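>>> Need a 3D model of the sequence below.
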Amino acid sequence: MEKNQHKHHFLFVAFPIQGHINPVRHLAMRLTTLSNTTVTISTAVSCHRRMFNVSDPNQEIQEGNLTYIPFSNGYDNGFNSETDDPKLYLSTFKQNGLKTLSTIVQSLSQRARPVTCIIYTILMSWAAGVAREHNIPSVFFWNQTATVFAICYHFFHGYESLITDHASNPEFTIHLPELPPLKIKELPSFITITDPNHPFFSGLFALRGDFEALDLEAGDRQLPKVLFNSFSALETSALASVNEIETLSIAPLMPFLFSSPVDEVHRDLFKNDERDYMKWLDSKEEGSVVYVSFGSVAMMKRTQMEEMMKGLKESGRPYLWVVRKDNREEGVELDGGEEGMVIQWCSQLRVLSHRAVGCFVTHCGWNSMLESLVCGMAMVGVPQFSDQATNVKLVEEVWGSGVKGKVDEEGVLKGEELKRCLDMVMDEGEESVRIRRRAKMWRDKALEAVNEGGSSYANLQAFLSLCAVDRHGILRLGLFSHILPSIGVNCTLTFSRHRR
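Residues are numbered from 1 along each chain as shown. The predicted structure is shown next:
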């Protein structure tokens, strides 16, 4: 009992969407393989129920070295876009989450499993408040690109007026420290929304809370610490652009990179299609298949579906297209015929790592893009909202591993434009070869980062060394003076409890 009481116990608190759940699970699994730690993952009841298909929504789940305990956000049956007010969602979420997560922390302590550190994702800064309430340290896990973090940090620290004053001019260019010039249309959409009646306007307040929590943590001889779902070679300038933050890039974290096969256990919020898409891929030539997926949140308009199908067929290439069940409309023909297969969901890493796949048409959500980079896959970017416009700029202009599809005035990617982009990426011309070569280069750099001696490996080991628990279960200060110059900061990193 003595040993268990003083074992380090991370509590992850994740926003209940696939793009937050995946990196949290991957980081949690990585921590348990690198150290003798206990890890609990907590997300909203509605998400927990979908992950495990349990009748009791509050049922605690044990899966290997991970424990899952849900909190209630006031929407235990999930958010209903037809009946629930999106402007009230995040405030109700916070109000209920604070209470129920605090109860979980207290219960774990009473069961001789005290939490010694809370790690929370974007939009979940109230979890840091729970940490302060229980006198527990907390760490922010930024699960988007470091570039988007830097943009948001500067927005909330001196650039907000400049950006909002020009939010209606998509061509206006912003110059932020250490970042490439960015037009308004290339910024994350959540910082350019100025209409308080916009359904996503409340998201800006929640995001502001994330950065206010970091400001609150800042103190004498201490800078806030942020874990990044990125790697140093990919975003060196962005990681160095915020001197007021201790940045630790620790990605990629996908389990198949370390030990388990690519078809490791998934906890997707959507059921995999029963059609044998992997067998279908096996029948195709190497690098010939176009894979299309717009992720777990984005909704494709009917006109976009029709144009997508048109472009895929005109390209003359075999394609695997994911169209979620909740995004299918009557009257839209989705029969792929002999050359195409349209499915409802799939194991994306298995698809992207398959020899037959030669291009990924993506909405540019960061999880999808990072998986594509790790698999050395060239991309055609069709950004929808959130961080995606920034991400596609990085892919096309900074990393050089893909192209952006040009949309019309209605935001629709026409079929002929999709065909042009696919030709650009998959043909044998000089530019096509260059794009594919760059994609393979980033795959190699990603693997180098997570191998022993790599930047992400060293950063994660240093973070674990910092989290030393004494015999009283108190998280003691640790030093990071040996942290790599590649993270852009040469300093001593300390970690202490929050101040009340």
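
>>> Check what contacts the helix or strand hosting residue 309 and list those residues.
Using DSSP states H and E, residue 309 maps to helix 302-315. Under the contact criterion Cβ atoms under 8 Å, 6 or more residues apart in numbering, helix 302-315 has outside partners 290, 292, 300, 319, 321, 323, 329, 331-334, 337, 339-340, 361, 410, 412-419, 422-423. For the C-beta atoms, the positions are set from N, CA and C on the backbone; glycine is no exception.

>>> Alpha carbons of that helix, as CSV, please.
Output in CSV follows, covering the C-alpha atoms of helix 302-315 (Å, rounded to 0.1, in the frame of the first residue of the first chain):
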residue,chain,number,x,y,z
ARG,A,302,-24.3,18.4,-50.3
THR,A,303,-22.8,20.4,-53.1
GLN,A,304,-19.3,19.6,-51.8
MET,A,305,-20.1,15.9,-51.7
GLU,A,306,-21.2,16.0,-55.3
GLU,A,307,-18.1,17.9,-56.4
MET,A,308,-15.9,15.6,-54.4
MET,A,309,-17.4,12.6,-56.2
LYS,A,310,-17.0,14.3,-59.5
GLY,A,311,-13.4,15.1,-59.0
LEU,A,312,-12.5,11.7,-57.7
LYS,A,313,-14.1,10.0,-60.7
GLU,A,314,-12.5,12.4,-63.1
SER,A,315,-9.1,11.8,-61.6
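
>>> after it, next one along is what?
Trace forward from helix 302-315 with DSSP H and E and the next one is strand 319-322.

>>> now that following strand: mean pLDDT?
The average pLDDT for strand 319-322 rounds to 95.

>>> Check stretch 74-93 too.
88.

>>> Between the two ends of that stretch, how far is it?
6 Å (Cα to Cα, to the nearest Å).

>>> Stretch 237-256 too?
Stretch 237-256: ends 28 Å apart by Cα to Cα.

>>> Stretch 66-86 now?
With Cα to Cα as the measure, stretch 66-86 spans 32 Å from end to end.

>>> Stretch 28-46 too?
Note: stretch 28-46 ends 21 Å apart using Cα to Cα.

>>> what does stretch 46-62 give?
Using Cα to Cα, the two ends of stretch 46-62 sit 18 Å apart.

>>> from the chain's centre, how far out does whichever strand or helix holds residue 67 sit?
Assigned by DSSP H and E, residue 67 belongs to strand 66-68. Averaging C-alpha positions (Cα atoms, centre = their mean, to the nearest Å) puts strand 66-68 20 Å from its chain's average.

>>> That strand pairs with which strands, parallel or anti?
Looking at strand 66-68 with DSSP bridges, its partner strands are strand 38-42 (parallel), strand 61-63 (antiparallel).

>>> Now do the following helix or strand past that strand: which elements does it pack against?
Sequence order places helix 86-110 as the next helix or strand after strand 66-68, per DSSP H and E. For helix 86-110, the elements it packs on are strand 9-13, strand 38-42, helix 126-133, helix 201-217, judged by 3 or more Cβ pairs under 8 Å, 6 or more residues apart in numbering; DSSP states H and E.

>>> can you do 6 Å?
Counting contacts by 3 or more Cβ pairs under 6 Å, 6 or more residues apart in numbering; DSSP states H and E, helix 86-110 packs against helix 126-133, helix 201-217.

>>> Give the buried residues for the last one.
Yep, that's helix 201-217 we're talking about. For helix 201-217, the buried set under the neighbour-count rule, 16 or more other Cβ atoms under 10 Å, comprises 202-204, 206-211, 213-214, 217.

>>> next one: stretch 216-226
217, 223-226.

>>> so which of these comes closest to residue 190?
residue 226 (18.1 Å; Cβ to Cβ).

>>> Break this protein down into its domains, please.
Annotated domains of the chain cover 2-148+188-255+451-487, 272-427 [automatic domain parsing].

>>> can you tell me which of those domains comes nearest to residue 438?
Here domain 272-427 is closest among the domains of the chain (Cβ to Cβ), at 4.2 Å.

>>> wait, what's in contact with residue 210?
Residue 210 makes contact with residue 125, according to Cβ atoms under 6 Å, 6 or more residues apart in numbering.

>>> can you pull the pLDDT of it?
pLDDT for residue 210: 96.

>>> about what we covered before: using TSV, lay out the domains of the chain together with distance to residue 166.
Shown next, in TSV, are these (distance: least, Cβ to Cβ, whole Å):
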stretch	distance to residue 166
domain 2-148+188-255+451-487	9
domain 272-427	15
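
>>> Among those, show the one with the smallest mean pLDDT.
domain 2-148+188-255+451-487 (a mean of 87).

>>> Tell me which entries of the buried residues of stretch 216-226 lie within helices.
Cross-referencing those against helices under DSSP state H gives residue 217.

>>> could you dump the buried residues of stretch 216-226 to CSV with distance to residue 404?
Output for the buried residues of stretch 216-226, formatted as CSV (distance: Cβ to Cβ, whole Å):
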residue, distance to residue 404
217, 37
223, 35
224, 33
225, 33
226, 28
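
>>> Which member of the buried residues of stretch 216-226 is positioned nearest residue 48?
For the buried residues of stretch 216-226, the nearest to residue 48 is residue 226 (25.9 Å; Cβ to Cβ).

>>> helix/strand/coil for the nearest residue to that closest one once chain neighbours are set aside?
Excluding the flanking residues, the one nearest residue 226 by Cβ to Cβ, 6 or more residues apart in numbering is residue 140, at 4.9 Å. Classification of residue 140 using DSSP: H, G, I helix; E, B strand; the rest coil returns strand.

>>> so what's residue 140 bridging to?
Note on residue 140: beta-bridge partners by DSSP bridges are residue 120, residue 226.

>>> looking at it, it is touching residue 225, isn't it?
No - the criterion here is Cβ atoms under 6 Å, and residue 140 misses it with residue 225 at 7.5 Å.

>>> which of the strands paired with strand 66-68 sits most buried?
Ranked by mean neighbour count under mean count of other Cβ atoms under 10 Å, the strands paired with strand 66-68 are led by strand 38-42, which reaches a mean of 23.

>>> what's the following helix or strand after that strand?
Downstream of strand 38-42, the next assigned helix or strand under DSSP H and E is helix 45-52.

>>> chain center to that next one, what's the gap?
Worked out by Cα atoms, centre = their mean, helix 45-52 lies 19 Å from the chain centre.

>>> Find the residue closest to residue 460 in space, skipping its chain neighbours.
residue 250 (4.7 Å).

>>> Quick check: that neighbour vs residue 346, distance?
Separation of residue 250 from residue 346 (Cβ to Cβ, to the nearest Å): 27 Å.

>>> With residue 97 instead?
31 Å.

>>> now residue 310
Taking Cβ to Cβ, one finds residue 310 at 23 Å from residue 346.

>>> Residue 77 too?
Taking Cβ to Cβ, one finds residue 77 at 26 Å from residue 346.

>>> okay, the two: which has more neighbours?
The residue with more neighbours, out of residue 77 and residue 346, is residue 346; 22 against 10, by other Cβ atoms under 10 Å.

>>> Contact partners for the more buried one?
Residue 346 is in contact with 277, 322, counting by Cβ under 6 Å, 6+ apart.

>>> you'd agree it is in a strand?
No - Residue 346 is assigned coil when assessed by three-state DSSP, not a strand.

>>> one step back: I'd like the buried residues of helix 201-217 as JSON lines, with distance to residue 285 appended.
Listed next are the buried residues of helix 201-217 as JSON lines, based on distance: Cβ to Cβ, whole Å:
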{"residue": "202", "distance to residue 285": "48"}
{"residue": "203", "distance to residue 285": "43"}
{"residue": "204", "distance to residue 285": "47"}
{"residue": "206", "distance to residue 285": "46"}
{"residue": "207", "distance to residue 285": "45"}
{"residue": "208", "distance to residue 285": "50"}
{"residue": "209", "distance to residue 285": "50"}
{"residue": "210", "distance to residue 285": "46"}
{"residue": "211", "distance to residue 285": "48"}
{"residue": "213", "distance to residue 285": "51"}
{"residue": "214", "distance to residue 285": "49"}
{"residue": "217", "distance to residue 285": "53"}
